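K.L.:
What follows is a predicted protein model with its sequence.
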Amino acid sequence: MRHAMTNRAPGRRAGRSLLLTSGLAIALAAVAVPFYWLVVGATHSSRELFTSPPPLLPGGHLAENLATLQDTAHFGRVVLNSLGIASVYTLLAGTVCTLAGYGFATYRFRGREVLFGLLMLGLVVPTQITLVPLFRMMAGLQWLGTYQAVIAPNLALPFGIFLMRQSMAALPKELLDSGRMDGCGERRLFLRVALPPMRPALAALSIFLFLYQWNDFVWPLIVLRDELTFTIPVALASLQGLDETDYGAILAGTSVAAVPMAVVFLLLQRHFVSGLLAGAVKE
Amino acid sequence: MNLATPLPAAARPRRRGRAAPYLFVLPALLLFSVFKLYPIGWSFVISLHRTVAGTETFVGSDNYRRLLDDPLLWTALRNTAIVLAVQVPLMLALATALAVALNSTLLRGRPVFRLGFFLPMVTGLVAYGIVFSVLLNKDYGLVNWLLGLVGVAPVPWLTDGLWARISLSLALTWHYTGYNAVILLARLQTVPAELYDAAAVDGAGALAAFRHVTLPGLRPALLLTTVLSTIGTLQLFDEPTVLTGGGPDNATLTIGVYLYRNAFTYADFGYASALAYALTLLIGLLGLVQFRLLGDKS
């Protein structure tokens, strides 16, 4: 498909190229509409939003909307909660997944296949099956309403372990062997020899874990109690349920949740997409 | 710290490493056992009980029998089946077309497009659910306003059963098509160029080449995306919750939403757990069927 017409008919090729590129550009524009409108909506009052025609350009109510959010949902605190929870989660889950991924990728040991298969069961078993017992477990520990209740249950994230095993499998065996020859202990070997070249994979894992926690909704909704401990998705959803929903404020909050993540993703996407793909398409 | 630094000559390869692999995988296994395996087993025990005013009584298979003639469960199953039968195939077809387009050397600015189409995946479910619910508002939403410009009467996107399902499908397609396209694209790039040359020599047009080279090459990735989409669809919760709350008249009620309601609104933990087990069984069965149909035929 890609070379049949490389030599012949350059004019026709250019025409097709223009057609394809503009066609996809239109599709991309359609995909981008919700993003654009999210930012526009965030800058209007609820009253302006619900007029016909709807506002198409940014208005002047962003600060007001954010102030409303602060008043009704302690939004500053909520953003800090989300940042804190996602950061701590990324750090801890990143460590757990990296250690496990390294163990499974570089050692041959008794029970390796079975144990790895067991962990991968977590990819297929629906998360809903554990909701009720986990909720009770948290109640038993008296953790309901606490941050650790949000963080702890998903630390051994099967997808993260899978991702790291995939990436770690690419480590040259000679590198590890020569490290051992030089008298490196296993712990040192991991920290000093194996980890440094894994930086891109670690970046991908970190972005993935951060996004996962930042956007997670069901579990925080179940375990968090007090408005002051809410994460962004939980706070937004709780605002939407109110009788008189202030959509201008909600969209401002949604922008705060979505836009910075999109920007971070754009900046780091190289690692993210390639890291994800390394994990996703394993043949 | 510096790899070039010579390490003490006395250090010989140590045989201390026996326990090392287990120590590396131990934290993950411990956490997984406590927060996943144990709850999975416990969930089964709960599903055999009935909770009344905080006390549990053993009722055996009662909750499972109740599943069979629960009209709401069948509604939820039907809603899920519709998404599976309509939205998932359409989205994967779209993703395949998108992947082929993104792989084409005719396309200019490929990195920008790849990124742009992937971006919706990064947005949280709650966030885009809220945006869609406002965009699709019947009286003031942007979508109906645009349709009005070309003379289309306002569509009750979220307040009519059929349209609510369509809205849910639209939102899902917006969110996941690019992600699936990226997975397919990665696979597409491993299809050897010689195969296309051979097809061209045999006189195959673009369509024939797609059917005989591209599609077979994509098979493993199509299997992966199908299985992932099926699992995701069966667990659907966030989108219907934010977009329609499961309504109108339960038209977008999913098993996930129904399970959540039973557990955390009605505190009927036993029945919710039975629902969870039924869901797991369903996912297992569908996964098996898909592997049979799409899996490696060699």
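P.N.:
Now that the structure is in, tell me what you want to look at. Numbering: from 1, shown residues only, chains lettered A, B, ... in the order given.
K.L.:
what's stretch A:100-111 in contact with?
P.N.:
With Cβ atoms under 8 Å, 6 or more residues apart in numbering or on different chains as the test, stretch A:100-111 has contacts from A:112, A:115-116, A:119, A:156, A:160-169, A:171, A:173, A:176, A:190, A:194, B:20-25, B:27-29. (Glycine included, C-beta is placed from N, CA and C.)
K.L.:
pLDDT below threshold where in the chain?
P.N.:
You didn't say which chain, so I picked chain A. Applying pLDDT under 70 to chain A flags residues A:1-9, A:241-243, A:271-283.
K.L.:
that's the wrong chain, I wanted chain B
P.N.:
Confidence mapping of chain B against pLDDT under 70 gives the ranges B:1-17, B:295-298.
K.L.:
ok, longest helix in it?
P.N.:
If you go by DSSP state H, chain B has its longest helix at helix B:161-188.
K.L.:
Tell me which other helices or strands the helix or strand that it is followed by touches.
P.N.:
Going down the chain from helix B:161-188, the next helix or strand is helix B:193-201, by DSSP states H and E. Secondary-structure packing of helix B:193-201 (3 or more Cβ pairs under 8 Å, 6 or more residues apart in numbering or on different chains; DSSP states H and E): helix B:206-209.
K.L.:
for the chain, which residue is closest to the average position?
P.N.:
Reading this off chain A. Ranked by distance to the mean C-alpha position of chain A (Cα atoms, centre = their mean), the top residue is A:Leu211 at 2.0 Å.
K.L.:
not what I meant, chain B
P.N.:
Mean-position check on chain B, Cα atoms, centre = their mean. Result B:Gly232 at 2.5 Å.
K.L.:
Could you tell me how far the residue nearest to the centre of chain A is located from chain B?
P.N.:
A:Leu211 sits 6 Å away from chain B, going by Cβ to the nearest Cβ, to the nearest Å.
K.L.:
again with A:Pro200
P.N.:
To chain B, A:Pro200 is 16 Å away according to Cβ to the nearest Cβ.
K.L.:
where's that residue, which helix or strand?
P.N.:
helix A:199-215.
K.L.:
and if you look at B:Ala76?
P.N.:
Assessed by DSSP H and E, B:Ala76 sits inside helix B:71-82.
K.L.:
quick one: contacts of that helix?
P.N.:
With contacts defined as Cβ under 8 Å, 6+ apart, helix B:71-82 is touched by B:67, B:165, B:233-234, B:236, B:250-255, B:257-258, B:275, B:278.
K.L.:
Kindly identify which of the residues you listed also come near chain A.
P.N.:
Applying Cβ under 8 Å from any Cβ of the partner chain to the contacts of helix B:71-82, one finds that B:Leu234, B:Ile255, B:Leu275 fall near chain A.
K.L.:
count of residues packed around the nearest residue to A:Val223 once chain neighbours are set aside?
P.N.:
Ranked by Cβ to Cβ, 6 or more residues apart in numbering or on different chains and with sequence neighbours excluded, the top spatial neighbour of A:Val223 is A:Ala149, at 4.2 Å. By other Cβ atoms under 10 Å in any protein chain shown, 24 other residues sit near A:Ala149.
K.L.:
Same question for A:Gln128.
P.N.:
Neighbours of A:Gln128 (other Cβ under 10 Å): 24.
K.L.:
what residues are up against it?
P.N.:
Taking Cβ under 8 Å, 6+ apart, one finds B:Gln235, B:Phe237, B:Ile255, B:Gly256, B:Leu259, B:Tyr260, B:Leu275, B:Ala276, B:Leu279 in contact with A:Gln128.
K.L.:
Touching, the third one and B:Leu275? I think so.
P.N.:
Looking back up the chat, that one is B:Ile255. Yes. Judged on Cβ atoms under 8 Å, B:Ile255 makes contact with B:Leu275 at a distance of 6.6 Å.
K.L.:
So these two - more neighbours on which side?
P.N.:
Of the pair B:Ile255 and B:Leu275, B:Leu275 is the one with more neighbours under other Cβ under 10 Å, namely 30 against 24.
K.L.:
Using the three-state scheme, assign that one.
P.N.:
helix (DSSP: H, G, I helix; E, B strand; the rest coil).
K.L.:
follow-up on the earlier one: to the chain's geometric centre, what's the distance from the longest helix of chain B?
P.N.:
Distance of helix B:161-188 from its chain centroid, counting by Cα atoms, centre = their mean, to the nearest Å, is 10 Å.
K.L.:
Which strands or helices does it pack on?
P.N.:
Applying 3+ Cβ pairs under 8 Å, 6+ apart, one finds that helix B:161-188 contacts helix A:10-42, helix A:247-280, helix B:88-103, helix B:110-118, helix B:125-135, helix B:215-234, helix B:238-243.
K.L.:
what separates the closest residue to B:Leu259 other than its chain neighbours from A:Pro126, distance-wise?
P.N.:
Among residues not flanking B:Leu259 along the chain, B:Leu275 sits closest, at 4.6 Å (Cβ to Cβ, 6+ apart). Per Cβ to Cβ, to the nearest Å, B:Leu275 is found 10 Å from A:Pro126.
K.L.:
Also B:Asn262?
P.N.:
15 Å.
K.L.:
Enumerate the positions of stretch A:98-118 that are buried.
P.N.:
By neighbour count on 16 or more other Cβ atoms under 10 Å in any protein chain shown, the buried set for stretch A:98-118 is A:98-107, A:109, A:115-116, A:118.
K.L.:
Kindly report the same for stretch A:190-204.
P.N.:
A:Phe190, A:Val193, A:Ala194, A:Leu195, A:Met198, A:Ala201, A:Leu202, A:Ala203, A:Ala204.
K.L.:
For these, name the two members farthest from one another.
P.N.:
Spatial extent of those (Cβ to Cβ) is set by the pair A:Val193 and A:Ala204 at 20.2 Å.
K.L.:
what's the helix or strand for B:Trp157?
P.N.:
Counting by DSSP H and E, B:Trp157 is found in no helix or strand.
K.L.:
Dihedrals phi and psi, it?
P.N.:
Dihedral angles of B:Trp157 (phi, psi; degrees, to the nearest 10) stand at phi -50, psi -50.
K.L.:
Please report how far B:Ala19 lies from A:Arg165.
P.N.:
Separation of B:Ala19 from A:Arg165 (Cβ to Cβ): 20 Å.
K.L.:
B:Arg50 too?
P.N.:
Here the criterion is Cβ to Cβ. By it, B:Arg50 lies 42 Å from A:Arg165.
K.L.:
which element is whichever residue of the stretch 1-150 of chain A sits closest to chain B on?
P.N.:
Chain B sits closest to A:Gly103 of the stretch 1-150 of chain A, with a gap of 3.0 Å, by Cβ to the nearest Cβ. Per DSSP H and E: A:Gly103 is located in helix A:75-106.
K.L.:
Repeat that for B:Glu56.
P.N.:
strand B:55-58.
K.L.:
How about B:Thr51?
P.N.:
B:Thr51 belongs to strand B:49-52, assigned by DSSP H and E.
K.L.:
near chain A at all, that strand?
P.N.:
No. Using Cβ under 8 Å from any Cβ, we find that strand B:49-52 stays clear of chain A, coming within 9.9 Å at best.
K.L.:
That strand packs against which elements?
P.N.:
Checked by 3+ Cβ pairs under 8 Å, 6+ apart, strand B:49-52 has strand B:55-58, helix B:269-294 packed alongside it.
K.L.:
Parallel or antiparallel, list what pairs with the first one.
P.N.:
Each strand paired with strand B:55-58, and its direction, by DSSP bridges: strand B:49-52 (antiparallel).
K.L.:
mind giving me the domain ranges of chain A?
P.N.:
A:2-41, A:62-280 (automatic domain parsing).
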